[in-house]
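Novice: sequence-free structure coming up:
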């Protein structure tokens, strides 16, 4: 994590650049469609992903070590999924990936639903940013977790620019 803090003459804190990396273990989640139900003659809308978002948010909150970001933010999300057993050989080849196993993850869930879930979960209680409207740059990938732990990898980077502040190439 890179963090530069500068104080103005009025004692205000200005964050020049912040880069934060998060890892949420477990199978990546996706945003489910909102549902409508009828109860006592009234129509109710609800979010079936709400509990999963709260759990995701709590795991992300444990990794929070600063104030919420409120500048334009860049977000990079990598959803790493386990490979199914059918991608591996059997018997003495049980740990070896088959030659015809796909290289790219092209199954459900869709990348847009994964991204929406992550962005909504990170704004719960304004832990990382006040609203997802401050995000102006997005990168997302779905991959097989061949060499990494399955889960959701997130990188948030503040894009606040101030004159006279040099970028650190090591961040």
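Specialist: Done, it's in. Note that the coordinates shown come from a computational prediction; the quantities given were computed from them, not determined experimentally. Numbers count the residues shown, from 1 in each chain.
Novice: hey, which helix or strand in the protein has the poorest pLDDT?
Specialist: Counting by mean pLDDT, DSSP states H and E, the chain has its least confident helix or strand at strand 2-7, which shows a mean of 48.
Novice: what about the helices in the protein?
Specialist: Taking DSSP state H as the test, the helices found in the chain are 50-61, 111-122.
Novice: okay, the ones you listed in a markdown table with mean neighbour count, mean pLDDT and distance to residue 153 next?
Specialist: Every residue, glycine included, has its C-beta placed from N, CA and C. Listed next are those as a markdown table, based on neighbours: other C-beta atoms under 10 Å; pLDDT from 0 to 100; distance: least, C-beta to C-beta, whole Å:
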| stretch | mean neighbour count | mean pLDDT | distance to residue 153 |
| --- | --- | --- | --- |
| helix 50-61 | 16 | 93 | 12 |
| helix 111-122 | 20 | 95 | 10 |
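Novice: tell me which of the ones you listed sits nearest to residue 43.
Specialist: helix 50-61 (17.9 Å; C-beta to C-beta).
Novice: what is the closest one packed up against?
Specialist: In terms of contacts (3 or more C-beta pairs under 8 Å, 6 or more residues apart in numbering; DSSP states H and E), helix 50-61 is packed against strand 13-25, helix 111-122.
Novice: quick one: work out the angle between that helix and helix 111-122.
Specialist: On the basis of axes from the mean of the first three to the mean of the last three C-alpha atoms, to 10 degrees, helix 50-61 is oriented at 70 degrees to helix 111-122.
Novice: hmm, who's touching helix 50-61?
Specialist: 22, 24-25, 29, 47, 117-118, 120-122, 124-125, 127-128, 152, 154 (C-beta atoms under 8 Å, 6 or more residues apart in numbering).
Novice: let's see 7 Å
Specialist: Here helix 50-61 makes contact (C-beta atoms under 7 Å, 6 or more residues apart in numbering) with 22, 24, 29, 117, 120-122, 124-125, 127-128.
Novice: what number of residues lie near residue 29?
Specialist: A count of nearby residues for residue 29, using other C-beta atoms under 10 Å, gives 20.
Novice: distance to residue 89 added to the helices of the chain, as CSV?
Specialist: Listed next are the helices of the chain as CSV, based on distance: least, C-beta to C-beta, whole Å:
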stretch, distance to residue 89
helix 50-61, 34
helix 111-122, 29
